[in-house]
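Visitor: Could you work out the structure for the sequence below:
(2 chains)
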Amino acid sequence: MRAANWSVFRVGLAMVMVSAFLTSCATEATSRFYGKTEAPDDQVLRYVSGSEPESFDPAIPTGQPEARLLMAIHDGLVEYHPKTMKPIPAIAESWEISPDVSEYIFYLRKNATFSNGDPIKAQDFVYSFQRALEPEFLAKNAYLAYYIKYAEAFNSKHAFVRRPDGTFILKRELAGSGQVPEVSTEVYGPDTEFGRYLSSPERLTVPADEKGRAALFEKDEKLKALTANAEFVPVVGSDLGVEAIDDYTLRIKLRQSAPFFIDLLSHQFFKVVHRGAIEKHGKQWVRPENIVTSGAFKVKEHHPYDRIVLEKDPRYWDAESVRLNGIEFYPLEEATTMMNLYKAGSLHAVYNAVPPAAWIETLREFKAEYMDHPAVTLQYYTFNVTRPPMDNEKVRRAFALAIDREALATWRKTTKPTIDFTPIGIFPDYEEVRDRVYTKELAKQGRTLDEWKAKMFDPERARALLAEAGYPVTRSGNSWSSPDFPISEVELLYNTSESNKAIAEFIQAQWRQNLGLTVPLKNMEWKTFLNVRKELDYRGIGRAGWVGDYMDPFTFLKLFYTKDNDSSTGWYDPKFDSIVNEANRELDPEKRFELLALAEFYVMDKQPVLPLMTDSTNWMKKPFVKGMYPNPQTLHPWKFVYIETDADKWDQNAASLMKDRDESVLSHVERLMSTQTAREATSAESVAAAQQPSNE
Amino acid sequence: MLGFILRRLLIIIPMALLVVSVTWILIRAAPGSFYSEERALPPAIEANIREKYGLDKPFYQQYMMMLGNVLKGDFGDSLRYQEQSVNEIIARHLPYSATIGALAYLLALFVGLTAGIIAALRQNSAFDYGSMAFAMLGLSVPNFVLGPILVIVFSLWLFWLPPARWGGISNLIMPVFTLAAIYMAYIARLTRAGMLEVMRSDYIRTARAKGLDEKTVLLKHGLRGGIVPVVSFTGPALASLLAGTVVVEKVFAIPGLGNIFIQSVLNRDEPLTLGIVAFLSILIMIFNLAVDISYGFLDPRIRYE
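Guide: As a prediction, the model looks like this:
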């Protein structure tokens, strides 16, 4: 009796649950939008900040979710373009770049103020950069600023070396001339004493503490001899390559040519902070009652782990164009919780990679909301080129050709296949130039671009290459085998994770099927893995992934740059470096891209890595949220975002968002761009005028 | 009695220190540290961090430093939320957990006791079977299943209640019920069993023989003995309910202490983890003590020396 009651109850409950699911599915299918879709009439966007933000101090957090919050409350020299992520004027109204791209002069707008009304001046930027780079400040993002002259030396507690005669030992005296990047020693822009110091040849720096120095000297006799009798002068903040020429003119001097540096400046690490608030409150300056901000929004309330309430700052220099009245950020961690809140209508958007894989098939149906544009990431495998058999280019190419990347991407659902090192669909201008360069280069080898693109998957060619390398592949029944190949010398190393394992197994199966080689898999805990890969202690193949720091192909190509590069392959080629150096000294973007494409072709032809796929952004937003675009980093400059209450104007097709023209956003961007366009026009004229007499 | 309480209070301090020490060792044994990032830090930056936090000092020195701070009751500042002190974080997030915990406790106690008493008095009735079947269900469905089911039905299907986050009363309903379910079920079963046993005992028969009315017999004599097992269960249960429950806080995104605790471990935020562990261990020990003391009042047979 009791048991019977029990099972009746269970069946009843199950029926309730099933009907609940069915009804919810049925209502979804009939609705165009996912869940509750009602535009709020208060112009307040409800969004997620990821886990509780580490800090409101722009120089501390490193996470991308936090970046989205920080860019609402802090402003910098430049701002991201809402679609392309390229820099557009912010506090800097316009800027000029020296011919060798190692010096930038910024002209600040005079009406920019902090949230307490204090004007923002060039000195505030000098202070902000010096503070963030102080070694005691412990900024994990400090490496982003290492392009600034002496930033790395200052941040890593180095010292200049002064001879008894008062002169400083220069970097080039120690290293060969090729080792130090060539930069102009002439002052660009206004001539000041500090400017002349910044433009003088780069000084040598050594660790400021004796222990570190002794360790270095032990390894380097030449350095030890050179620095005998010398005095060590610690590098301080005021030695940094940043100068306030006057209240509204800022100079940044780099240690090398870097056209991409301007892209980097949109990053939160380079935002301006208020000296007074920091000196008065110390670490506590970020509390809502103390914080002084510079962005379009200011902090109204902060309830840790619950919500962060921002409101529009009427003092912001561009406040007239800011359309949202406020933003509420909810610190949420669980992807399903975010999706539930989104469906219930309490969240207006989620950030990238939130929708769980199992939901994606369903979510794709909601075309007005679901977005899977490419993200600025790359997943690839590295080859350890320092050990056989992977020291053989042909073997590496054979392994790369034997993977069906299309099948891999279809199975992964949120990725796109790739064979290049700069991800697809991220740098369209670069890709266009690259196709042209590749066509030309391939013609020299008697190949075509289509043949190159077919490298995506060509098992026959792969087997032929392996045979050429001395490991013939023979057919036995339905499968292949390559008995001569030293398979015991190769393994596929990855860091422990479910998805890494699944991908590794997929690729292992591909190699077994197409080359007859069963590569053993090996997994390691993250920290151990990093070390083994970096020290090249792995055999054959290792897993790797890279996320671009800024919107320029160099953020990927730099992995192969210089002898101690971060590629974890052991591959280094001075020819690649010289092409890259030439490219980065080039101001004309098209010519620069041509050179970078040449460099990419050069390295990919040698195949030290095996690119697999580019992730897609994989996120959703309600159709009434406008001005928020599926750009490659899903970072949104909030001052362009607004809520459309007129349902007729809601987004219908998220796939075309990047192409659709929203006149109100476009005119806002154009208005901001106009000051820089005017500056470029006048400087082009003055260059032309200066060249005129010499031509005659 | 007083001696007993004093002795127990004195034990709490070394016990808490022991718990903190073991936790500290576990944190240090776990791979990774608070400054680990997906992208490897340049060696210079890592060296700066290690120096500032004394991580370059010998192990025993770091341990003594930690212990010294804990003895002073000062856990220092959080490593991740640098502008906030550990004590401040605990004080701020405890009320969220305590609100949900207290409401769940009251709900569980009210429903559980009522159902248990009625079921015991009407043994083998439909109510008895029905409520005990429900209790069985409450015990066997874990809260990480119950929570999401409630969310699907009441938030995503009916759109009646918000699916997560802190807010008004409507935000409290599902988390409180999810949290209370298992306690409710357990209390109902314990009460029923306790009451059944007590109501058959000699002193109840004596009470009835004295001519007391049934209400007095039940509430004054029966209940006192019947709920002893409930008290020994709910004492420690109250401590853990008030201090936050990880699963429910996670499922409903409630900014309570349980959630913060898990985050602090994942962030390797050592001072915060130690602070919460010390706080929780002391809280649980004090509640256990309170339970032990209350036995004396409930059951005249128990005496303390």
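Visitor: Can you pull out the low-pLDDT segments for the stretch 551-696 of chain A?
Guide: By pLDDT under 70, the low-scoring segments of the stretch 551-696 of chain A are A:690-696.
Visitor: Now do the helices in it.
Guide: A:554-557, A:574-584, A:589-606, A:663-695 (DSSP state H, counting those that start in this stretch).
Visitor: Which among those is found nearest to chain B?
Guide: Set against chain B and scored by C-beta to the nearest C-beta, the helices of the stretch 551-696 of chain A come closest in helix A:554-557, at 12.2 Å. Every C-beta, even on glycine, is put in place using the N, C-alpha and C of the backbone.
Visitor: related to what we said a few turns ago, quick one, which of the helices of the stretch 551-696 of chain A is packed in tightest?
Guide: Mean neighbours per residue, mean count of other C-beta atoms under 10 Å in any protein chain shown, is largest over these for helix A:554-557, with a mean of 22.
Visitor: thinking again about what came up before, for the helices of the stretch 551-696 of chain A, give me a markdown table that also has distance to chain B.
Guide: Output for the helices of the stretch 551-696 of chain A, formatted as a markdown table (distance: least, C-beta to the nearest C-beta, whole Å):
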| stretch | distance to chain B |
| --- | --- |
| helix A:554-557 | 12 |
| helix A:574-584 | 20 |
| helix A:589-606 | 21 |
| helix A:663-695 | 30 |
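Visitor: what's the closest of those to B:E83?
Guide: Nearest to B:E83 among those is helix A:554-557 (31.7 Å), distances taken as C-beta to C-beta.
Visitor: Give me the contacts around the closest one.
Guide: A:260, A:376, A:378, A:421-423, A:546, A:548-549, A:580, A:583-584, A:596, A:599-600, A:603 (C-beta atoms under 8 Å, 6 or more residues apart in numbering or on different chains).
Visitor: circling back to that earlier point, dump the helices of the stretch 551-696 of chain A to JSON lines, plus distance to B:E249.
Guide: Below are the helices of the stretch 551-696 of chain A laid out as JSON lines (distance: least, C-beta to C-beta, whole Å):
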{"stretch": "helix A:554-557", "distance to B:E249": "39"}
{"stretch": "helix A:574-584", "distance to B:E249": "50"}
{"stretch": "helix A:589-606", "distance to B:E249": "48"}
{"stretch": "helix A:663-695", "distance to B:E249": "39"}
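Visitor: Of those helices, which is nearest A:L530?
Guide: helix A:554-557 (18.9 Å).
Visitor: Name the residues of the stretch 151-300 of chain B found near chain A, please.
Guide: Residues of the stretch 151-300 of chain B lying close to chain A (C-beta under 8 Å from any C-beta of the partner chain) are B:151-153, B:155-157, B:159, B:162-166, B:250-253, B:255, B:259-260, B:263.
Visitor: Looking at the residues you listed, which are in helices?
Guide: Of these, the ones assigned to helices by DSSP state H are B:K250, B:V251, B:N259, B:I260, B:Q263.
Visitor: Rebuild those as CSV, extending it with pLDDT and neighbour count.
Guide: Below are these laid out as CSV (pLDDT from 0 to 100; neighbours: other C-beta atoms under 10 Å in any protein chain shown):
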residue, pLDDT, neighbour count
B:K250, 87, 20
B:V251, 88, 26
B:N259, 87, 26
B:I260, 90, 28
B:Q263, 85, 19
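Visitor: Can you select the buried ones from the residues of the stretch 151-300 of chain B next to chain A in PyMOL?
Guide: Selection of buried members from these for PyMOL, criterion 16 or more other C-beta atoms under 10 Å in any protein chain shown:
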select buried, chain B and resi 151+152+153+155+156+157+162+163+164+165+166+250+251+252+253+255+259+260+263
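Visitor: And the helix or strand of chain B with the lowest mean pLDDT, what's buried?
Guide: Within chain B, confidence by mean pLDDT, DSSP states H and E is lowest for helix B:43-52 among all helices and strands, at a mean of 77. Buried residues in helix B:43-52, counted by 16+ other C-beta under 10 Å: B:A44, B:I45, B:E46, B:A47, B:N48, B:I49, B:E51.
Visitor: Excluding chain neighbours, give the residue nearest to the second one in space.
Guide: The shortest distance from B:I45 to any residue that is not its chain neighbour, by C-beta to C-beta, 6 or more residues apart in numbering or on different chains, is 5.9 Å, and that residue is A:A142.
Visitor: B:F59 versus the closest residue to chain A within the stretch 201-305 of chain B, what's the distance?
Guide: With C-beta to the nearest C-beta, the shortest gap between the stretch 201-305 of chain B and chain A falls at B:P255, namely 3.4 Å. B:P255 is 35 Å from B:F59, where distance means C-beta to C-beta, to the nearest Å.
Visitor: Just the closest of the buried residues of helix B:43-52 to A:V665, please.
Guide: Using C-beta to C-beta, B:I45 comes nearest to A:V665 of the buried residues of helix B:43-52, at 37.9 Å.
Visitor: Would you quantify the distance from A:N141 to chain B?
Guide: Applying C-beta to the nearest C-beta, to the nearest Å, the value for A:N141 to chain B is 9 Å.
Visitor: What is the helix or strand that contains B:F110 packed up against?
Guide: Following DSSP states H and E, one finds B:F110 within helix B:86-121. If you count contacts as 3 or more C-beta pairs under 8 Å, 6 or more residues apart in numbering or on different chains; DSSP states H and E, helix B:86-121 packs onto helix B:126-140, helix B:169-199, helix B:223-226, helix B:228-242, helix B:246-251, helix B:257-266, helix B:270-298.
Visitor: From the contact counts, what lies against the fourth one?
Guide: Read that as helix B:228-242. Counting by 3+ C-beta pairs under 8 Å, 6+ apart, helix B:228-242 packs on helix B:86-121, helix B:169-199, helix B:270-298.
Visitor: Least reliable of those helices by average pLDDT, please.
Guide: Note on the helices and strands packed on helix B:228-242: helix B:270-298 shows the lowest mean pLDDT, a mean of 86.
Visitor: What angle do helix B:86-121 and it make with each other?
Guide: Counting by axes from the mean of the first three to the mean of the last three C-alpha atoms, to 10 degrees, helix B:270-298 lies at 30 degrees to helix B:86-121.
Visitor: Go ahead and confirm A:K413 touches A:L363.
Guide: No. With contact defined as C-beta atoms under 8 Å, A:K413 does not reach A:L363; the gap is 10.9 Å.
Visitor: neighbour count winner among those two?
Guide: The neighbour count for A:K413 versus A:L363, taken as other C-beta atoms under 10 Å in any protein chain shown, is higher for A:L363 (18 against 14).
Visitor: residues in contact with A:Y351?
Guide: A:Y47, A:V48, A:G50, A:Q64, A:P65, A:R68, A:W619, A:T634.
Visitor: Show me how to select, in PyMOL, the buried members of those.
Guide: To isolate the buried subset of these in PyMOL, counting by 16+ other C-beta under 10 Å, use the following:
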select buried, chain A and resi 47+48+50+65+68+619+634
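Visitor: Narrow the contacts of A:Y351 to those in helices?
Guide: Applying DSSP H to the contacts of A:Y351, the entries found in helices are A:Q64, A:P65, A:R68.
Visitor: For the stretch 1-150 of chain B, what lies in contact range of chain A?
Guide: So the stretch 1-150 of chain B meets chain A at B:31-32, B:35-37, B:40-42, B:44-45, B:47-49, B:52, B:77, B:80-84, B:89, B:92-93, B:129, B:133, B:136-137, B:148-149 (C-beta under 8 Å from any C-beta).
Visitor: can we see that at 7 Å?
Guide: By the rule C-beta under 7 Å from any C-beta of the partner chain, the part of the stretch 1-150 of chain B lying against chain A is B:31-32, B:35, B:37, B:40-42, B:44-45, B:48-49, B:52, B:80-83, B:92-93, B:129, B:133.
Visitor: Can I have the buried ones of those residues as a ChimeraX selection?
Guide: To isolate the buried ones among the residues of the stretch 1-150 of chain B next to chain A in ChimeraX, judged by 16+ other C-beta under 10 Å, type:
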select /B:35,41,42,44,45,48,49,80,81,82,83,92,93,129
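Visitor: which one is the residue in the stretch 51-200 of chain A positioned nearest to chain B nearest to, not counting chain neighbours?
Guide: With C-beta to the nearest C-beta, the shortest gap between the stretch 51-200 of chain A and chain B falls at A:S156, namely 3.0 Å. Nearest-residue entry for A:S156: B:A44, 3.0 Å, with adjacent residues in sequence omitted and distances by C-beta to C-beta, 6+ apart.
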